[in-house]
Each structure stands twice: as structure tokens, then as C-alpha cells.
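[1] what follows is a predicted structure for the sequence shown.
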There are 2 protein chains.
Amino acid sequence: MALEHAILVSLLEQPGSGYELARRFDRSIGYFWAATHQQIYRVLKRMESDGLIGSRAVAQQDRPDKKEYSVGPLGRAALSAWLHEPIEPESVRHELAVKIRGAAFDDPAALVQEVQRHRRAHADRLAHYLAGELRDFTGPEAPAPLDAGQELQHVVLRGGIAYERMTLAWLDDVIATLRRLGPER
Amino acid sequence: MALEHAILVSLLEQPGSGYELARRFDRSIGYFWAATHQQIYRVLKRMESDGLIGSRAVAQQDRPDKKEYSVGPLGRAALSAWLHEPIEPESVRHELAVKIRGAAFDDPAALVQEVQRHRRAHADRLAHYLAGELRDFTGPEAPAPLDAGQELQHVVLRGGIAYERMTLAWLDDVIATLRRLGPER
DNA sequence: GTGCACATGTAACCTGTTACATGATTGG
DNA sequence: CCAATCATGTAACAGGTTACATGTGCAC
């Protein structure tokens, strides 16, 4: 149940409400583990009843009140135990790859537009990551030296950057291959 | 429901039984879309009752009989329709990345072994992909010229190879970073 | 006769997705 | 007053995981 652990990490980095967690999952940690607010509220409720996290109501001016969650000793222990357990190396789940193989039974060239759309999405994501890296880790505004948490966030972000660059190069290869095969072959 | 489409592609490439599909999902197409035999049998049943695929019993010597599935006109149409629909660019789901960020709240150096285990798994997978590439696409035994289906399988495999190479380099970066942070920092 | 590869399934459970629902407060 | 952002949820369903269950035929 990695969502639980992702939430523990995020709350340890910074306590917050379900809503705030949902927004963090739209950026930051969510780049590597996506979750919607429905999932998050459901799991937060369970984690609280399991005693992993605690909550307190926070009154806010200019905004609705919120319920701020933070990690308790049980939650910290659960995270620690998980960190010391081995996990299975992930298997990728790549729908576009299925489509590309499926193109053999249709018009390969017709997939070019779709692949280009994905290419743009990945180029955008790369630009976004690079901007974040400059802002938080390598730019003049970034703290120096970085603490352990920041170093680790940075190395994960470097993974995202490497992933997007690799993907862009591969999608170019895919587009060239689809074009070469064309509709009449 | 991409499993359905992955099964259609696999059955178009070669008709086969649920068991055979399950083994293909352990290699080949399964590198990009994993599925267990339980899932496959369940979905095959539904696809047959929806008329997408047909089956015939095949008696075998030396082995239990099997039920061979093949794609019907409705299935081909369903695949074609799906190929022309846009899909969302995938979001990655990377449990190890969550662990790495979590290491800030534990001993970073203790994660080194786990990351090395993942590194070995990815190195094995890369070696496996490269052997497959040589066997099926670039070696002296490979057919030349390749047909469209083979070209597309090859470009997908090149994606897998690029992914594993990128991952190995990144995991080296991760290991170096974890070591640099050490237990006492 | 034991283990292995082949072959097909059921059941229970957990996770994830989609749609719906409500309400506060601010700014235009 | 309307849209946007903040804030929290429920319900139904689809998809994936784990455990269990059964049976054939061959090789050692």
C-alpha cells in the first residue's frame, strides 16, 4: 500500500490537510505516485483510525477551516518498517507501447499525431521539472548547502528529468519508424 | 481498459490459449503491460461473451487440451476504434522514488542495499532485452527485411532498452547520493 | 510417487476511477 | 450574482492482487 507511505512521507516533510495533500500529489511527490483527492481522503481516514496520524482542526481567516494531519509515532514506525522491507522492482505499464504494437493491424502513420501529442506532454513536463530544479536546487535562490531531505528530493527529480529526456528521444524514434512504415506498406 | 486491447494485439499477432497469453504477458508485450493469468482468464471470458473474440477447443497430444482464442471482426473493429482515440500520457508510478524521499526520515545509507538490488534487476532486464533484440531483430538469425509488425515490436523494445539504460544510470546516481548523505549527517 | 510444465478456473479483497454532492469565502 | 479557489466528503463501479482449487501427462 504505497499511497499510505507516500502520504506519511509528504506529511513528515510538512503537515497538512487532505486538500493540501491532494495539491502536493498534483506536483512534487505526485509526479512519482499519483492520487486523487477521493483516494487521499479515504486513506487519511483509515490512517487516522489506525493511529498512524493525528489531526487537529485549524481555523483560518479568509478560508474555510481545515483539518491538519500530522504523523504520530506509530506512523513513523510504520514508515521506518516499510523502508527496511524490500519491494519488487516495478514493472512498467505503458499503454502507448500497446498502441504502437497495435498499429501493425491498422494504419501506422495514423498514430503519428497521437505520438506527437504525447511528445508535447513530455516536453512540457521536462520543462516544468527543469524549472523546479533551478528554483529549488541549482539556481541562485536555492538554499546552499542542501539538507538531506532536499538532496533526496533532488535526486528523485533528476530521475524524472532523465526519464522525460529518454522518453522524448524514444518518441522521436517512434515517430520516425511510424512514418517510415507509412499507410501503404 | 487497456488489458483488453493488449490481449487483442497479442491474439492478432498469434492466436492462443489463456495459458499461452499469460506466458506472453510474462515476456514480450507483458514488459509494457503486466497481467496475471487470473486477470487474463477473467477478461477473455468477458471478451468472448461480448463477441470480440472466438474460441475453439484444440486437442493436444502429450498435454491437456486447450481453448484457442482468436480475434473476430468485432474485436478488430474495437481495436481499430481504440487506436484512433487519444489516450492520456501516462503518469509514472515509482514506489522506489517514494522510498528514496522517505529515507530522509530514516538512515539513507540503509537504503543502498535495496537500491542495489533494484539495480541488479534492471541490469538483468536490460541484458534480457538486448539478447531478444539480437535474436529477433539485429542478429544474423533475424529476418531481413522486417515486416511492419516486427519493426513496431522492435521500436517498442528499443524503448524498453532505453528505459533500462536510463534507470541504471539514475540508480547509480541514487546510490552515490545515499552514500554521500550517510547515516551520520 | 513427486515434482514440474501445462491448463483453467473461483473467491475475497484491496485499490483506483468517475460521478455526484455540499458548503465557505473572495474577487470581479 | 457568478466563477474560482478552498475544503471535505459519499457511492458505485472497474481493475488488479492474492489465495485457493483442480486436473493432465511426463520425467526422474
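    That came through fine.
[2] measure the residue nearest to the spatial centre of chain A to A:Arg24 for me?
    Centroid check for chain A by CA atoms, centre = their mean gives A:Tyr31 as the closest residue, at 1.6 Å. In this view, A:Tyr31 and A:Arg24 are 10 Å apart by CB to CB, to the nearest Å. All C-beta spots, glycine's among them, are computed from the backbone N, C-alpha and C.
[3] now do A:Leu157
    As defined by CB to CB, A:Leu157 lies at a distance of 14 Å from A:Arg24.
[4] count of neighbours near the residue of chain A found nearest DNA strand C?
    Relative to DNA strand C, the nearest point of chain A is A:Met1 (3.2 Å; CB to the nearest atom of the strand). As a burial measure, A:Met1 scores 9 neighbours (other CB atoms under 10 Å in any protein chain shown).
[5] repeat for the one 10 residues further on
    Residues within reach of A:Leu11, counting by other CB under 10 Å, total 24.
[6] A:Lys67 contacts A:Ala57, correct?
    Yes: look at A:Lys67 against A:Ala57 with CB atoms under 8 Å: they come within range, at 5.9 Å.
[7] so the two - more neighbours on which side?
    A:Lys67 (15 against 8).
[8] secondary structure class for the closest residue to that one other than its chain neighbours?
    Nearest non-adjacent residue to A:Lys67, counting by CB to CB, 6 or more residues apart in numbering or on different chains: A:Ser55, 5.0 Å away. Put simply, A:Ser55 is strand when judged by DSSP: H, G, I helix; E, B strand; the rest coil.
[9] dump the residue contacts of A:Ser55.
    Contact partners of A:Ser55, counting by CB atoms under 8 Å, 6 or more residues apart in numbering or on different chains, are A:Glu48, A:Lys67, A:Glu68, A:Tyr69, A:Ser70.
[10] mind listing the residues bridging to it?
    Here A:Ser55 sits in beta bridges with A:Tyr69, going by DSSP bridges.
[11] per-domain residue ranges of chain A.
    What the TED database lists as the domains of chain A is A:1-84, A:95-181.
[12] can you tell me which residues contact A:Asp172?
    Residues in contact with A:Asp172 (CB under 8 Å, 6+ apart) are A:Arg119.
[13] list the contacts of the residue nearest to the centre of chain A.
    By CB under 8 Å, 6+ apart, the contact list for A:Tyr31 reads A:Arg125, A:Tyr129, A:Gly160, B:Ser91, B:Val92.
[14] check contacts around A:Lys67.
    Taking CB under 8 Å, 6+ apart, we find A:Lys67 in contact with A:Ser17, A:Gly18, A:Ser55, A:Arg56, A:Ala57, A:Val58.
[15] could you point out which of those residues is nearest to A:Leu79?
    The shortest gap between A:Leu79 and any of these belongs to A:Ser55, at 17.6 Å (CB to CB).
[16] separation between the closest one and A:Val43?
    13 Å.
[17] likewise A:Gly139?
    Distance of A:Gly139 to A:Val43, given as CB to CB: 34 Å.
[18] before we move on, what about A:Ala148?
    26 Å.
[19] what do you get for A:Leu157?
    Noted for A:Leu157: a distance of 25 Å to A:Val43, by CB to CB.
[20] and the pLDDT at the nearest residue to A:Asp50 once chain neighbours are set aside?
    Once flanking residues are discounted, A:Asp50 sits nearest to A:Leu74: 7.7 Å by CB to CB, 6+ apart. Per-residue pLDDT puts A:Leu74 at 96.
[21] thank you kindly, that will do.
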